[in-house]
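Chemist: Pasting a predicted model and its sequence here:
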Amino acid sequence: MAPEAIILAILWGALTLYLLFGGADFGVGIWEVNTALQSTERERNLLYKAIGPVWEANHVWLIFFLVCTHAAFPRAYAALGQALWVPLLIAIVGIVFRGAAYAFRANLLGQRTQRTIWEIVFAVASTVAPFFLGAAAGAVASGKLEFNDAGEYQGDILLGWISPLAIFTGFFTVGVCAFLSAVYLLRESVNQQHDDLVKVWRRRALVTGVIMGVLSLLGVAFLAFEPESFWSDFHERSLPLFGIGIASGFAALVALWYTWPLAATIAAASTVTCVIWGWGVAQYPFLLPPNLTIKNCKTSDSVLWAMLWSIAVGMVIVVPSLWWLLAIFKGAHHDASKKSSGY
Amino acid sequence: MTDVLLFAASTGLDQLWAARMQMALTLGVHIILACFGVGFPVLMLIAEGRYLRTGDAIWKTLARRWSKAFAVMFAVGAVSGTVLSFELGMLWPKFMGTFGAVIGLPFTLEGFAFFIEAIFAGIYFYGWDKLSPRVHLLTGLAIAVSGLASAWFVVTSNAWMNQPRGFDLINGVAVNIDPIAAMLNPATGAQTTHMIFAAYMVTGFSVAAFYAWERLRGRDMAYQRHAMALGLFLGMVFALPQFVVGDWAAKMVAQTQPVKLAAMEGQFQTEVSAPLRIGGWPNEETRRTEYALELPGMLSWLAYGDTNAKVDGLDEFPRDETPPVAVVHIAFQVMVGGGSYLAALTLWGIGCLVWKRHLPRQRLFLFALVAAGPIVVLALEAGWVVTEVGRQPWIVHGIMRTKDAVTHAPGMEKVFWITLAIYTLLTVMTIGILRLLARSPLEAAADGS
């Protein structure tokens, strides 16, 4: 197998994990916006406590994605930086503010007003960042970014990224984050035996799940209007993933209805994974359709192999560590008896 | 938004200047946070280790409180680092497009090191009551080691910008890439060591300065003394060896980037038995460094080990290949001056330890130590200015000019001013939160999070 294809698969894996883990962290802030910050103190404690230990690790998937992209596909990275600098810039500002607001908020125990301000900042920034990251992804998927074969951006430097699909993907990403977050928080509430919060999150997860189901169908309709080749590839290659996605989406709703938190978590994660991979498989081998492929963007094989080896070695350390982190703080038996109030 | 950006584009401050200021600002803030990311885990570890060994609760309180301060700096540092990984592509697309792959390996490895640091930071911050003390200490060790590793990896790629190796450039495309040779370029050894030592010094002296200030203001208990001693200890360990490493780094610059050395030393004319200039103002009109204290032959000796050696001056190089001399020379003086101050402080501390078996207790020493806080940060920034501005006009020494790498995106100046406002706010907030943490009652931290 060509090394660039393996790297691409790893990149897509990192993107998936960023959405599954980091996306759920965004979701926490999105729920604060959705509820107009009306959560009770208990609800809010659950929110912030849930993301505390995994916050930094979840964020690193994004950094990992960025550095691997610029190392393996430098031309695509430079092209993205030029074409999508407006949405990415706004997303960065969002990421900076939510990261900082999260840390500030946790330590402003006495100062109610200041704490509230940073909670608002956190919530808004957590909604803005995934919207624009999603819009950037949608702009790529639309295939309407104009590059020449050298990877230089030819389109409108300010508005070229805007397309119906990009805007749709922005909203869709925000919805995915909110949905994942609601499902995970249902599981946290069950594990910690907060019966009232179980009710709240079950209802929220169900409602978001149904909305996202409808949006997904809309999304498929959208793709019908996108470039012909893209749609036909989607039709041929992504159909199995599309099928699994729909099935696990329904499974997630059923599991939520009966409050089976673990099953709901797995089914929700599987649905989201199918969406990401459905997109990836459909546009393979294009990185930035219509003309930048992994072949004409990749760097030399010596670098790709060096990267693959270092990723293999790195993962041997990272995967067990990450597993341990999740086992300590997200295992089914992390209990109510040892409540610590976060930090 | 569009209108704002278009307006900004039309006001036209130089694109290159705006992009460079943007990079300088975001990197200048990140470098401080990154230094604490490398150094702070060591302090927490020593404090926690002391607690496990002695059972003295003060050490445990210190370790827990420091871990909270570290958590704040780590969180802000993580996002300021993310900004940089976006900016590399957004501000310098030609640089990343051409050379992204050559320095891709250290960035990938740095990504992993940071990953491990983030995972174990989560376990460490939240695992005080969930893990056995010994295991908890080990998770702290993982943070310290991975922090060190990520600093090393990321600085290798900056060293590569000074000494590009491991590729051939054919028709503007980097081919025959050898990522290991790129990573282990001639500048790597000295530059990474110099930076890592600086990180420990920044952490140690800043912490010591804070507690020295507390003691001067009357909060002079065992807690503050322990904390100050530990910070000072870390700083002192590295302050003197840093001179040796700095000399190594300068000798490397003399060999590989003589034009940078000439700018650092304000050496306009090529000279045999060149003097070491302390202070002074390089005048680019008269091509002389004025008002400097000159030590005859010392520069030749420092750079080449021979007081009669020939040192190339700036006039040896084409005008469009020399960096802005005044900035580089003065930044270099500030860095060396700051380092000398810290070394003097260290000698005072060591002398007192040897003769009196305790650290200096004079108020004068405490005042001097308070000053060491800002001085060590200033020296850090100055050192970074030396290496970055000293490399100009190149982004990749001798190969790609900074002006050829910069983005054509409009409105960079506006973006810079907005960034400046955001970073100012965040800096003020971070300092405010750290002060708040330092002021919280000791007992609160002692009995739980």
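Modeler: Nice, thanks for sending it over. Residues are numbered from 1 along each chain as shown, chains lettered A, B, ... in the order given.

Chemist: which residues touch the residue in chain B positioned nearest to chain A?
Modeler: Distance from chain A to each residue of chain B (C-beta to the nearest C-beta) is smallest for residue B:104, at 2.3 Å. C-betas here are computed from N, CA, C, even on glycine. Shown in contact with residue B:104 (C-beta atoms under 8 Å, 6 or more residues apart in numbering or on different chains): A:67-68, A:70-72, A:74, A:299, A:303, A:307, B:179.

Chemist: try 7 Å
Modeler: A:70-72, A:299, A:303, A:307, B:179 (C-beta atoms under 7 Å, 6 or more residues apart in numbering or on different chains).

Chemist: And the strands in the stretch 301-449 of chain B?
Modeler: Residue ranges of the strands in the stretch 301-449 of chain B, as given by DSSP state E, counting those that start in this stretch, are B:310-311, B:394-396, B:400-401.

Chemist: Give me the pLDDT for residue A:130.
Modeler: pLDDT, residue A:130: 94.

Chemist: And the residue of chain A with the smallest separation from chain B, its phi and psi?
Modeler: Per C-beta to the nearest C-beta, residue A:71 is where chain A lies closest to chain B, at 2.3 Å. Taking degrees, to the nearest 10, you get phi -80, psi -40 for the backbone angles of residue A:71.

Chemist: right, and the helix or strand after the longest helix seen in chain B?
Modeler: Across chain B, the longest stretch assigned as helix under DSSP state H is helix B:15-54. Where DSSP states H and E defines the elements, the next helix or strand beyond helix B:15-54 is helix B:57-91.

Chemist: And for residue B:32, nearest residue in space, chain neighbours not counted?
Modeler: With C-beta to C-beta, 6 or more residues apart in numbering or on different chains as the criterion, residue B:32 has its nearest non-adjacent residue at 6.2 Å, and that residue is residue B:377.

Chemist: what residues are up against that neighbour?
Modeler: Contacts of residue B:377 (C-beta under 7 Å, 6+ apart): B:32, B:202, B:206.

Chemist: what do you get for residue B:309?
Modeler: Contact partners of residue B:309, counting by C-beta under 7 Å, 6+ apart, are B:300, B:303.

Chemist: Tell me, what's the model's pLDDT at it?
Modeler: If you check residue B:309, the pLDDT there is 85.

Chemist: repeat for the one 3 residues further on
Modeler: Confidence at residue B:312, expressed as pLDDT, is 86.

Chemist: does it really touch residue B:262, like I thought?
Modeler: Yes - with contact defined as C-beta atoms under 7 Å, residue B:312 and residue B:262 form a contacting pair (6.0 Å).

Chemist: More neighbours: which of those two?
Modeler: Counting neighbours by other C-beta atoms under 10 Å in any protein chain shown for residue B:312 and for residue B:262 shows that residue B:262 has the greater number, 31 against 18.

Chemist: and the gap between that one and residue B:305?
Modeler: The gap separating residue B:262 from residue B:305 is 18 Å, by C-beta to C-beta, to the nearest Å.

Chemist: swap in residue A:133?
Modeler: Plainly put, residue A:133 is 54 Å away from residue B:305 if you go by C-beta to C-beta.

Chemist: When the two are compared, which one has more neighbours?
Modeler: residue A:133 (29 against 9).

Chemist: Report the contact partners of residue A:108.
Modeler: If you count contacts by C-beta under 7 Å, 6+ apart, then residue A:108 has A:114-115, A:118 around it.

Chemist: Considering those, which possesses the most neighbours?
Modeler: residue A:118 (24 neighbours).

Chemist: looking at it, that residue is touching residue A:103, isn't it?
Modeler: No - look at residue A:118 against residue A:103 with C-beta under 7 Å: they stay out of range, at 9.1 Å.

Chemist: For the contacts of residue A:108, give me TSV that also has pLDDT, distance to residue A:193 and secondary structure.
Modeler: Shown next, in TSV, are the contacts of residue A:108 (pLDDT from 0 to 100; distance: C-beta to C-beta, whole Å; DSSP: H, G, I helix; E, B strand; the rest coil):
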residue	pLDDT	distance to residue A:193	secondary structure
A:114	84	33	helix
A:115	84	27	helix
A:118	87	30	helix
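
Chemist: any chance of those residues in JSON lines, plus distance to chain B?
Modeler: Below are the contacts of residue A:108 laid out as JSON lines (distance: C-beta to the nearest C-beta, whole Å):
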{"residue": "A:114", "distance to chain B": "9"}
{"residue": "A:115", "distance to chain B": "11"}
{"residue": "A:118", "distance to chain B": "8"}
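
Chemist: quick check, nearest of those to residue A:180?
Modeler: Nearest to residue A:180, judged by C-beta to C-beta, of the contacts of residue A:108 is residue A:118 at 23.6 Å.

Chemist: Just give the number of residues close to residue A:316.
Modeler: 10.

Chemist: ok, back up a step: from residue A:327, how far off is the residue of chain B closest to chain A?
Modeler: 32 Å.

Chemist: again with residue A:68
Modeler: Residue A:68 sits at a distance of 26 Å from residue A:327 (criterion: C-beta to C-beta).

Chemist: With residue B:108 instead?
Modeler: 26 Å.

Chemist: Highest mean neighbour count out of the strands of the stretch 301-449 of chain B?
Modeler: strand B:394-396 (a mean of 22; mean count of other C-beta atoms under 10 Å in any protein chain shown).

Chemist: What strands flank it, and is each parallel or antiparallel?
Modeler: Paired neighbours of strand B:394-396 in the sheet (DSSP bridges): strand B:400-401 (antiparallel).

Chemist: ok, residues contacting the partner strand?
Modeler: B:95, B:98, B:393-395.

Chemist: repeat that for 6 Å
Modeler: B:393-394 (C-beta atoms under 6 Å, 6 or more residues apart in numbering or on different chains).

Chemist: what mean pLDDT does that strand have?
Modeler: On average, strand B:400-401 scores 90.

Chemist: quick one, helices of the stretch 51-200 of chain A?
Modeler: Ranges of helices in the stretch 51-200 of chain A, per DSSP state H, counting those that start in this stretch, are A:55-72, A:74-83, A:85-106, A:112-142, A:164-191, A:195-224.

Chemist: low-scoring pLDDT stretches of the chain, where are they?
Modeler: Using chain A. A:36-37, A:224-235, A:332-343 (pLDDT under 70).

Chemist: Please refer instead to chain B.
Modeler: Using pLDDT under 70, chain B drops low at B:1-13, B:441-449.

Chemist: Show the contacting residues for residue 109.
Modeler: You didn't say which chain, so I picked chain A. The contact partners of residue A:109, taken as C-beta under 6 Å, 6+ apart, number zero.

Chemist: wrong one, I was asking about chain B
Modeler: Residues near residue B:109 by C-beta under 6 Å, 6+ apart: A:310, B:153.

Chemist: Over to the closest residue to residue A:6 other than its chain neighbours. Which of the three states is it?
Modeler: Sequence neighbours aside, residue A:308 is the residue nearest to residue A:6 in space, at 6.1 Å (criterion: C-beta to C-beta, 6+ apart). Assigned state for residue A:308: helix (three-state reduction, DSSP: H, G, I helix; E, B strand; the rest coil).
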